[in-house]
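Engineer: requesting a structural model of the entry that follows:
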Amino acid sequence: MAVSIWNRKCDLIYLIFFLTHVPIMFCVDLTPLYPAALKPAFMTDLRTWYITTYRDQFFSSPPAWFDTYIWLEALYHVPLSLWAVPALLRDDPKVPLHLLIFALEAGLTTLTCIADFLSWSGYSHNEKIELGKLYVPYLALAIFMGLDMFYRLSRVISMSRSDKAIKSQ
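Structural biologist: So this is what the prediction gives:
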């Protein structure tokens, strides 16, 4: 029987993350992929506000590799996030495997972005801190999630090995 999400505090945090991550992806991150005729004005306005507020070059003049990250988000984050919400609610046994992969990918891409924006010239220390307030928590969650999922999988593997050892005796 599945344990309630209310009794799985880490999974509840991940659920809240994915519930917020999905609209952010569709309304901000992935808008460059939409045909102009299909893009609602509020998405353009939101993105313009973000660029004006944070001067985030990834959204105003992205490096060539950043397009790959946008496509990775569209082709991997979206389906995974849409799967993760009900999977976390039903305590799917595949959650640790999928979220470990997600955490590794999200952590690596976020770390790349952080390293890059820290090298931007023409930005004050405070502007970089403001960008860091957006990117570093995402990195921290990815690291925490990765460690949590690794621990969960390690425990399952260890228990499986113990069961095999007991059966072979």
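
Engineer: mind giving me the packing neighbours of the lengthiest helix in the chain?
Structural biologist: The single longest helix within the chain, with elements called by DSSP state H, is helix 125-168. Using 3 or more C-beta pairs under 8 Å, 6 or more residues apart in numbering; DSSP states H and E, the elements in contact with helix 125-168 are helix 9-24, helix 41-54, helix 95-118. In this view, the C-beta of every residue, glycine as well, is placed from N, C-alpha and C.

Engineer: quick check: mean pLDDT across that helix?
Structural biologist: Averaged over helix 125-168, pLDDT sits at 92.

Engineer: got the angle between that helix and helix 9-24?
Structural biologist: If you take axes from the mean of the first three to the mean of the last three C-alpha atoms, to 10 degrees, helix 125-168 sits at 130 degrees to helix 9-24.

Engineer: picking that back up, quick one: the helices and strands packed on helix 125-168 as a markdown table, columns for distance to residue 3 and mean pLDDT too.
Structural biologist: Converted to a markdown table, the helices and strands packed on helix 125-168 look like this (distance: least, C-beta to C-beta, whole Å; pLDDT from 0 to 100):
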| stretch | distance to residue 3 | mean pLDDT |
| --- | --- | --- |
| helix 9-24 | 9 | 98 |
| helix 41-54 | 37 | 96 |
| helix 95-118 | 12 | 98 |
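
Engineer: deepest of those helices, which one?
Structural biologist: helix 95-118 (a mean of 18; mean count of other C-beta atoms under 10 Å).

Engineer: how far is it from where the chain is centred?
Structural biologist: Distance, stretch centre to chain centre, for helix 95-118: 7 Å (C-alpha atoms, centre = their mean, to the nearest Å).

Engineer: do stretch 103-123 as well
Structural biologist: 13 Å.

Engineer: which residue, other than its chain neighbours, is closest to the residue minimising distance to the centre of the chain?
Structural biologist: Centroid-nearest residue in the chain: residue 106, 4.9 Å away (criterion: C-alpha atoms, centre = their mean). Distance criterion C-beta to C-beta, 6 or more residues apart in numbering; nearest residue to residue 106, sequence neighbours excluded, is residue 142 at 4.3 Å.

Engineer: any idea how far the one you found lies from residue 109?
Structural biologist: Using C-beta to C-beta, to the nearest Å, one gets 9 Å for the distance from residue 142 to residue 109.

Engineer: check residue 13 too.
Structural biologist: 20 Å.

Engineer: also residue 101?
Structural biologist: 13 Å.

Engineer: what of residue 88?
Structural biologist: 22 Å.
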